[in-house]
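1. My questions are about this predicted structure, shown below with the sequence.
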Amino acid sequence: MRPAAVDRMTPSMPDFSEEAIRIEQFPARRSGSALLIFLVLAALLLLSPFFLIVSTAFAEHGLRETVSSKPLATAQVLTGLAFWLVLLGFPIYRLIDGLTRSRLVEIANGVVTVTDRTFGRETRWQAPITSFSGVAHYLRTSLSSVRHELILVHPRRERSVLLGMANTLHSSDLERVCKALNLPEISASTYRARATGQKSETAARQGHAIV
């Protein structure tokens, strides 16, 4: 789960003086739940005519008779049904995936362990704390709010980890975390440049593969 996807975490600012640190992170769920309900209702409304047509035809003539006597009409109905199922099913799947997603970050004995959960499945990876480049104080802005984040930066962008977030953060907070983890401070501009550069590199590799 990307740091930008995290809406709340427990604790929001851990005590890094402890020997073992445990952080639970969750995405936004209120707006996602409302959108999911809307899409499910829309899907039921749009798909109900197809099910009514199919059930009526099968009830009157039977499955084999309907398909054999009206193959073109049957193909059109099934094609339309498949189209709407794909069109509505994909965003519904993505919303359910987001609503069931969570992350557990554990730091102990010089090792960072990240466990991502979604749909009841777990994926886990570990990395020594020495493999991380440092800690960055990152300011994330949106239309509704501004939040300060502490990012444990890894050379591989997808393995950078959100360590803490708050409405305000001071330089002393960043120094304290860097000292506790024995890692240097990384500027927000450097972290942003690394993330952007890795995106460009990935896109370039994909484009080269296509060519």
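-> Nice, I can see it.

2. can you pull out the strands in the chain?
-> In the chain, the segments counted as strands under DSSP state E are 6-10, 20-27, 102-108, 111-118, 121-128, 134-141, 146-153, 161-166, 185-186.

3. do you know which of those lies nearest Phe83?
-> strand 111-118 (27.0 Å; CB to CB). All C-beta spots, glycine's among them, are computed from the backbone N, C-alpha and C.

4. Now do that closest one against strand 20-27, angle only.
-> Relative orientation of strand 111-118 and strand 20-27, computed by axes from the mean of the first three to the mean of the last three CA atoms, to 10 degrees: 30 degrees.

5. which helices and strands does strand 111-118 pack with?
-> With contacts taken as 3 or more CB pairs under 8 Å, 6 or more residues apart in numbering; DSSP states H and E, strand 111-118 sits against strand 102-108, strand 121-128.

6. how about JSON lines for the strands of the chain, with mean neighbour count, mean pLDDT and distance to Leu78 added?
-> What follows is the strands of the chain, written out as JSON lines (neighbours: other CB atoms under 10 Å; pLDDT from 0 to 100; distance: least, CB to CB, whole Å):
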{"stretch": "strand 6-10", "mean neighbour count": "16", "mean pLDDT": "88", "distance to Leu78": "40"}
{"stretch": "strand 20-27", "mean neighbour count": "17", "mean pLDDT": "92", "distance to Leu78": "36"}
{"stretch": "strand 102-108", "mean neighbour count": "18", "mean pLDDT": "94", "distance to Leu78": "38"}
{"stretch": "strand 111-118", "mean neighbour count": "16", "mean pLDDT": "93", "distance to Leu78": "31"}
{"stretch": "strand 121-128", "mean neighbour count": "11", "mean pLDDT": "92", "distance to Leu78": "32"}
{"stretch": "strand 134-141", "mean neighbour count": "18", "mean pLDDT": "91", "distance to Leu78": "46"}
{"stretch": "strand 146-153", "mean neighbour count": "20", "mean pLDDT": "93", "distance to Leu78": "48"}
{"stretch": "strand 161-166", "mean neighbour count": "20", "mean pLDDT": "93", "distance to Leu78": "46"}
{"stretch": "strand 185-186", "mean neighbour count": "18", "mean pLDDT": "92", "distance to Leu78": "55"}
